[in-house]
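S.K.: Fold the following and give me the result.
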Amino acid sequence: MPAEFLPARGGGADGVMGLRGRLVTGHPGAAVIDDGTVVMAGGNIVWCGPTADLPQGFGSDFRRVPLILPGLVDVHCHGAVGHNFSADADGARLAAGHHASQGATSVLASLVSAPSHVLLEQIEVLRDLVQDGTLAGLHLEGPFITTSMCGAQDPAAIIDGDPALLQQWLEAGRGTVRSLTLAPETPHFAELVQLCRDHGVVPSLGHTAATASRTREVLSGANGGVGGPWSATHLFNRMPPLGHRTPGPIAVLLQAAEESPGQMVLELIADGVHLDPEIVRMVFGLVGPRSIALITDAMAAAGMSDGHYTLGSLDVLVQDRVARLAGTADAGPDAGPGAIAGATSHLLENVRRCVDWGVPLADAVVAASSTPARLMGLDRGAARVGAIAAGCRADVLVTTEELELVQAYRAGTPQTQERNDRADSSV
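M.R.: Numbers count the residues shown, from 1 in each chain. Below you'll find the predicted structure:
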C-alpha cells in the first residue's frame, strides 16, 4: 500500500493537538498508562496523564492511537542515509533528520578519532547545528583511546592524552561538546577529566585495555580523579572481556552503575550484532534502566542498502546490515572479517529488540529516553526532552503495539510520512 500522510485529528486553529492511547512516559519507575492522553501546543507538551483525569476545556476530539512513547535520545550516533557526521553541514542535517523521522528526535553527533585540525573543522561546522537545534550535542569518540582497542578507528589518528588539544576543541565547541570517550590508561587522564568537568562534558570510558584496578582507581577519585557523572562507551565492545581471573573494566563499570545510577550510565548497542540478547537482559537485570543508555552507534549505512561506505578515513563494507571494516588489498584469502564498524539500526528498532528479548517495555523506553537525556543534561532548560511531561518539548512517538513507528513528532511537528496500513485508530 503506498505511503500516505495522515494529519493528526484534534488540531485546530489554536494549534492544540491531542493523542490518546497506551502511554509510556519514559519516567523511571512509572507504569504504563493503559488509557492515557497527551496534549501538545506551541511545540510543547501542555498536559499528559490518564484520560480520566483530563481537565475540562481541552475537548475530546483527540486522535486515538495504539501506543505513545517519548521521542528517543541517541547519545552515540555517527550518521545515516549515506552521510557520516563531519564537516559537511548539509549531510549532517540529512542524517539527523533521518534519525528524527525514525524516532530518535534528539541525537548527539559522534566524531571518530582524526587529526586535530580535522576534528577542529568538524566541531566548528557542527556546533552551528547544535545551536540551531538540529543536533543535541557533539560526542568525541577519541582520539585519547588505546590503539589495541581501536576497533573501526584509524590507529594512526589515536594519540596520547593531550590537555592542550582538548582545551582547544572544547573552546571551539562553545559548549556544544557533551561527551568524550577516553581510555583510563591514556596519559594525563585526570587533567582531561578535569577539563571535561570544567566544560560540562561527560567523560565516557571506552576503547580501553584498562585493568579492573585502574578502572576503579579513576572512578574512585584516586590519582587525581574527579567526581561527577560518567558513562561507558558501548559496554563490552572494544574492551577486555569479563573474565573470572582477569575481570578488566567491565566488572567495575557494572558495579559502579548498580551502586550509583545517577553517576554511571552504561551504553548498550542492542542491535543483535554487537551484543547477545542474554547480555542485554543481564545488564538490565543487574543495574536497571536508570543506568543504561541504549544507543545505535549508527554510521552512514543506516537507512541505506548494503554496500561500501566510510567511517572516518576507513572503508566499510555492509552486508546483511552488518558493517565491518573492508579488507585491504594485501589481506590473504584466509583473512577473517574486519572489525565491526558501527551499526546500521535505528534506536526504536533496538528498543523493540529489547522488548522482544524480555526487557519490560517501560524499562526499554527509559533506557532510550530519560536516562540518556539526564546523562547529557538534556532534561533541563526550556527545551528539555527525554520524557512525556508537561513543559517538555513535544517530542512524541506514535507506534503500533509491536513498536512499529507510525509517526514521530519533534516539537509537535510531524517528522515522517505515515503509512495508513500501520495506523490503528483503536485504543
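S.K.: can we go C-alpha only for contacts and neighbour counts from here?
M.R.: Will do.
S.K.: would you list every one of the strands in the stretch 151-300 of the chain?
M.R.: 177-182, 202-205, 230-232, 264-268, 292-294 (DSSP state E, counting those that start in this stretch).
S.K.: from the chain's centre, how far out does the first one sit?
M.R.: The offset between the C-alpha centroid of strand 177-182 and the centroid of the whole chain comes to 13 Å, using CA atoms, centre = their mean, to the nearest Å.
S.K.: Now do it: which elements does it pack against?
M.R.: If you count contacts as 3 or more CA pairs under 8 Å, 6 or more residues apart in numbering; DSSP states H and E, strand 177-182 packs onto strand 137-141, strand 202-205.
S.K.: run the last query once more with 10 Å
M.R.: strand 72-77, strand 104-112, helix 116-131, strand 137-141, helix 163-173, helix 189-198, strand 202-205, strand 230-232 (3 or more CA pairs under 10 Å, 6 or more residues apart in numbering; DSSP states H and E).
S.K.: hmm, back to that, mean pLDDT for the strands of the stretch 151-300 of the chain - can I get that in a markdown table?
M.R.: Shown next, in a markdown table, are the strands of the stretch 151-300 of the chain (pLDDT from 0 to 100):
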| stretch | mean pLDDT |
| --- | --- |
| strand 177-182 | 98 |
| strand 202-205 | 98 |
| strand 230-232 | 98 |
| strand 264-268 | 98 |
| strand 292-294 | 98 |
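S.K.: Could you say which of these is packed most deeply?
M.R.: Stretch with highest mean neighbour count among the strands of the stretch 151-300 of the chain: strand 292-294 (a mean of 30; mean count of other CA atoms under 10 Å).
S.K.: I'd like the next helix or strand past that one.
M.R.: Sequence-wise, the next helix or strand downstream of strand 292-294 (DSSP states H and E) is strand 307-311.
S.K.: If you count neighbours, what's buried in that following strand?
M.R.: H308, Y309, T310, L311 (16 or more other CA atoms under 10 Å).
S.K.: Pick out the most distant pair among those.
M.R.: H308 and L311 (10.4 Å; CA to CA).
S.K.: shared neighbours of these two, anything?
M.R.: Residues touching both H308 and L311 (CA atoms under 10 Å, 6 or more residues apart in numbering): A300, A301, A323, R324, L325.
S.K.: Hmm, G307 and the last one touching each other?
M.R.: No: with contact defined as CA atoms under 10 Å, L325 and G307 do not form a contacting pair (11.8 Å).
S.K.: which neighbours do those two share?
M.R.: V316, L317, V318.
S.K.: for these, which one is nearest A190?
M.R.: V316 (34.1 Å).
S.K.: for this protein, what spans make up the helices?
M.R.: For the chain, the helices defined by DSSP state H occupy 89-101, 116-131, 163-173, 189-198, 212-220, 248-259, 277-287, 347-356, 361-367, 370-375.
S.K.: could I get those helices as a markdown table with mean neighbour count?
M.R.: Compiled in a markdown table, the helices of the chain are given as follows (neighbours: other CA atoms under 10 Å):
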| stretch | mean neighbour count |
| --- | --- |
| helix 89-101 | 22 |
| helix 116-131 | 19 |
| helix 163-173 | 17 |
| helix 189-198 | 20 |
| helix 212-220 | 18 |
| helix 248-259 | 20 |
| helix 277-287 | 16 |
| helix 347-356 | 21 |
| helix 361-367 | 26 |
| helix 370-375 | 26 |
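S.K.: Could you dump the ones you listed into JSON lines and include mean pLDDT and distance to V39?
M.R.: JSON lines is the format used below for the helices of the chain (pLDDT from 0 to 100; distance: least, CA to CA, whole Å):
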{"stretch": "helix 89-101", "mean pLDDT": "98", "distance to V39": "20"}
{"stretch": "helix 116-131", "mean pLDDT": "98", "distance to V39": "27"}
{"stretch": "helix 163-173", "mean pLDDT": "98", "distance to V39": "36"}
{"stretch": "helix 189-198", "mean pLDDT": "96", "distance to V39": "37"}
{"stretch": "helix 212-220", "mean pLDDT": "95", "distance to V39": "42"}
{"stretch": "helix 248-259", "mean pLDDT": "96", "distance to V39": "35"}
{"stretch": "helix 277-287", "mean pLDDT": "98", "distance to V39": "31"}
{"stretch": "helix 347-356", "mean pLDDT": "98", "distance to V39": "22"}
{"stretch": "helix 361-367", "mean pLDDT": "98", "distance to V39": "20"}
{"stretch": "helix 370-375", "mean pLDDT": "98", "distance to V39": "19"}
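S.K.: Reformat those helices into TSV and put distance to T413 next to each item.
M.R.: Converted to TSV, those look like this (distance: least, CA to CA, whole Å):
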stretch	distance to T413
helix 89-101	11
helix 116-131	18
helix 163-173	28
helix 189-198	34
helix 212-220	41
helix 248-259	36
helix 277-287	33
helix 347-356	19
helix 361-367	21
helix 370-375	20
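S.K.: Tell me which of those sits nearest to V396.
M.R.: The nearest among the helices of the chain, by CA to CA, is helix 89-101 at 10.7 Å.
S.K.: May I have that closest one as PDB, with CA atoms only?
M.R.: Coordinates of the C-alpha atoms in helix 89-101 are reproduced here as PDB (Å, rounded to 0.1, in the frame of the first residue of the first chain):
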ATOM      1  CA  ALA A  89      26.700  20.500   7.300                       C
ATOM      2  CA  ASP A  90      24.100  19.600   4.700                       C
ATOM      3  CA  GLY A  91      24.900  15.900   5.100                       C
ATOM      4  CA  ALA A  92      24.700  16.200   8.800                       C
ATOM      5  CA  ARG A  93      21.300  17.800   8.600                       C
ATOM      6  CA  LEU A  94      20.100  14.900   6.400                       C
ATOM      7  CA  ALA A  95      21.500  12.300   8.800                       C
ATOM      8  CA  ALA A  96      19.900  14.000  11.800                       C
ATOM      9  CA  GLY A  97      16.600  14.400  10.000                       C
ATOM     10  CA  HIS A  98      16.600  10.700   9.100                       C
ATOM     11  CA  HIS A  99      17.100   9.600  12.700                       C
ATOM     12  CA  ALA A 100      14.300  12.000  13.800                       C
ATOM     13  CA  SER A 101      12.000  10.500  11.200                       C
END
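S.K.: Okay then, goodbye and thanks.
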